[in-house]
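Visitor: Starting from these lines, generate the structure:
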Amino acid sequence: MIGGLKEHIRDLKEMILLPLLYPEVFSSKNITPPKGVLFCGPPGTGKTLMARALANECSVGDRKVAFFMRKGADVLSKWVGESERQLRLLFDQAYQMRPSIIFFDEVDGLAPVRSSKQDYIHASIVSTLLALMDGVDSRGEVIVIGATNRPDSVDPALRRPGRFDREFHFPLPPLESREQILRIQLGSWRPPVPEPTISWLARQTAGYCGADLKHLVTEAVLHALRDRYPQIYGSKQRLLIDVDQIQVRWPLPNGGPGSLGDIMTNELLTYDGTRWTEVDFSHTLSSFVTHNT
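Guide: Okay, the predicted model is just below:
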């Protein structure tokens, strides 16, 4: 389940699910389904998670969608021609196992903007990728998804219709989206986390991406575990603990958003839309919300 990306989910289902599950609609009307999609946005905003979720969403009943994931740098090789060979093998395998999704994370590392100063080998890799995408099955049974934090660094030839037909921007989540993400992260807790606690946490985490919020929840629980059962860190044997005795206090701001690094324990960072500002919450420590997991 993905929080805060409702519009993206709807549009991607239309672009990717329909051709994969109902190719006859496109063939009967003589229209070409999209071959590729580019995900753009800061790290931790759900690009990789969305690609995996799409593959799962497409797998209905006996119809399974194969999912191939490669990081841009992983495809590169020091041997001449090896990177191009690996790309061809990948696309061949995806075609043999169609319907399938090929996901290139950090695609800018694989297909950067070509220039006169660029070495021949890297330019050859970009050309090979372009040719392979041009040769992708026109029935929409093989979809290529690229993800990048730097869309301007991706070769422009990839960003035209017929290759990456659409671009989706994954921004830092606003307040409502942060609430949705936190509800998903905390949804399995028993007793349930009170709704006012979730809303309060969302307000205190402006500028946090989805990965930051997940990290915040993890660190809060581990911090509470260390406070309640410090003896488990000194024992090599599994000890009996009572999960209901672990009190999680919100927030535990040992760090702000991932891009900012560590901050003081009694500080949070808020984002006003133009700049980061430190806010001292030490005077409100006594009013922190406490929740028993």
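Visitor: so where is this protein shaky, pLDDT-wise?
Guide: By pLDDT under 70, the weakly predicted segments of the chain are 1-4, 60-61, 116-121, 137-140, 251-293.
Visitor: Tell me which stretches of it form helices.
Guide: Under the criterion DSSP state H, the chain contains helices at 6-12, 18-21, 23-28, 47-58, 72-75, 82-96, 107-110, 120-134, 175-186, 195-204, 210-228.
Visitor: of all these, which lies closest to V37?
Guide: helix 6-12 (7.0 Å; Cβ to Cβ). The way it works is simple: take the backbone N, C-alpha and C, and place the C-beta from them, glycine included.
Visitor: Output the contacting helices and strands for the closest one.
Guide: If you count contacts as 3 or more Cβ pairs under 8 Å, 6 or more residues apart in numbering; DSSP states H and E, helix 6-12 packs onto helix 47-58, strand 166-169.
Visitor: how does it look with 10 Å?
Guide: The contact analysis (3 or more Cβ pairs under 10 Å, 6 or more residues apart in numbering; DSSP states H and E) places helix 6-12 against strand 36-40, helix 47-58, strand 166-169, helix 175-186.
Visitor: what's next to it, contact-wise?
Guide: The contact list for helix 6-12 (Cβ atoms under 10 Å, 6 or more residues apart in numbering) reads 2, 5, 34, 37, 39, 46-47, 50-51, 53-54, 57, 143, 145, 166, 168-170, 176-177, 180.
Visitor: are any of those residues buried, and which?
Guide: Neighbour-count burial (16 or more other Cβ atoms under 10 Å) applied to the contacts of helix 6-12 gives 2, 5, 34, 37, 39, 46-47, 50-51, 53-54, 57, 143, 145, 168, 170, 177, 180.
Visitor: you'd agree G135 is up against V144?
Guide: No: with contact defined as Cβ atoms under 10 Å, G135 does not reach V144; the gap is 11.2 Å.
Visitor: and the two? which has more neighbours close in?
Guide: Shown here are G135 and V144; by other Cβ atoms under 10 Å, V144 has more neighbours (26 against 13).
Visitor: what's the spacing between the more buried one and W200?
Guide: Distance from V144 to W200, counting by Cβ to Cβ, to the nearest Å: 41 Å.
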